[in-house]
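Visitor: Sequence unavailable; structure follows:
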């Protein structure tokens with residue numbers, strides 16, 4: 001058992017929250033190797049559309065360094081050249097229709113009968129083309145909504161490869177899982193994480209991961225990960241400074257979350273509007289658990305700082321994070 005609260009948090013983060021550094025290193029190498037193979041698919045598959053080399057991008061929590069254990073998926077965006085494809089917004093932030101010109105012959109073969117680009121056909125072509133990557137011929141491959149999923153037998157993670165086009169209005173469009181397209185822009189999410197983390201001296205990434213662990217515990221309604229991450233970032237972005245010690249920052253965030261879970265949380269990309277689509281009962285559940293965590297955290301800090309009782313403080317933090325907090 002750790003002798004100090006700081007030591008207990010350090011052990012907890014190392015052994016139960018953060019990704020294992022060695023597995024992360026292997027995963028990044030595996031991801032980079034796969035990307036090199038994906039870029040070569042047009043030379044191996046006659047009907048594979050042309051790629052937009054400058055717009056491929058890593059995205060998701062693994063790319064933002066906010067992912068917690070276990071490492072189960074890694075997200076990639078593979079960008080295609082639009083070749084004069086026209087974009088029509090059907091539902092802002094949710095549904096786009098793409099219409100490639102007759103000259104874009106490979107894209108035209110992937111269209112609905114009305115000439116609009118079928119995102120399901122694009123994903124399915126990507127799934128089938130993965131067989132051309134020799135190293136992964138025997139791996140499981142299938143379509144999962146907007147992504148071509150490559151389930152590895154040699155590693156514990158899967159790759160979700162998302163085909164995308166880069167719209168002339170400066171963002172990406174990706175499959176919506178129903179045959180059309182939806183907007184996104186991982187660059188904005190990455191910039192936001194880096195900016196807020198930099199503003200507070202690199203303390204925010206660990207806070208995000210620790211709070212995600214708490215959010216995922218089975219004792220409460222779980223807020224969607226992307227919503228929850230943005231709530232954390234918005235809260236700390238609005239703070240002029242943060243504490244040097246994570247326990248104080250956790251307490252303060254939970255104090256905010258008690259009421260903050262009822263507020264709108266706007267999409268930083270200005271594409272999806274309000275991200276907080278939780279029901280009132282779900283918000284009540286999260287608020288109640290935040291109030292409970294806040295009270296226990298306040299007591300834990302009192303035991304540590306005022307009473308000097310490290311062991312009792314660690315026990316109180318264990319009530320919040322579970323038996324792995326020692």
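Guide: All right, it came through fine. Predicted model only: the values in this text are computed from it and were never measured.

Visitor: Give me the residues contacting the helix ranked longest in the chain.
Guide: Ranked by residue count under DSSP state H, the longest helix found in the chain is helix 280-301. By Cβ atoms under 8 Å, 6 or more residues apart in numbering, the surrounding residues in contact with helix 280-301 are 5, 214, 219-221, 223, 247-248, 250-251, 254-255, 257-259, 261-262, 278, 313-314, 316-317, 319-320. (Glycine included, C-beta is placed from N, CA and C.)

Visitor: Doesn't residue 98 lie inside a strand?
Guide: Yes: with DSSP: H, G, I helix; E, B strand; the rest coil as the criterion, residue 98 is assigned to a strand.

Visitor: I'd say it and residue 87 touch.
Guide: Yes: assessed by Cβ atoms under 8 Å, residue 98 is found in contact with residue 87 at 6.0 Å.

Visitor: Quick check: neighbours shared by the two?
Guide: residue 173.

Visitor: Quick check: next helix or strand after the helix or strand residue 189 falls within?
Guide: Using DSSP states H and E, residue 189 maps to helix 186-199. Later in the chain than helix 186-199, the nearest helix or strand by DSSP H and E is helix 204-216.

Visitor: which strands and helices sit next to that next one?
Guide: For helix 204-216, the packing partners by 3 or more Cβ pairs under 8 Å, 6 or more residues apart in numbering; DSSP states H and E come out as helix 186-199, helix 225-237, helix 246-260, helix 310-321.

Visitor: on that earlier part again, by how many degrees do the helix holding residue 189 and helix 204-216 diverge?
Guide: For helix 186-199 against helix 204-216, the angle by axes from the mean of the first three to the mean of the last three Cα atoms, to 10 degrees is 110 degrees.

Visitor: picking that back up, with distance to residue 45, mean pLDDT and mean neighbour count as new columns, can the helices and strands packed on helix 204-216 be given to me in TSV?
Guide: TSV is the format used below for the helices and strands packed on helix 204-216 (distance: least, Cβ to Cβ, whole Å; pLDDT from 0 to 100; neighbours: other Cβ atoms under 10 Å):
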stretch	distance to residue 45	mean pLDDT	mean neighbour count
helix 186-199	26	97	17
helix 225-237	32	97	20
helix 246-260	48	98	20
helix 310-321	48	96	19
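
Visitor: quick one, longest strand in this protein?
Guide: In the chain, taking DSSP state E as the definition, the longest strand is strand 158-167.

Visitor: and the angle for that one with helix 186-199?
Guide: 110 degrees.

Visitor: Next secondary structure after strand 158-167?
Guide: Using DSSP H and E, the helix or strand that directly follows strand 158-167 along the chain is strand 171-175.
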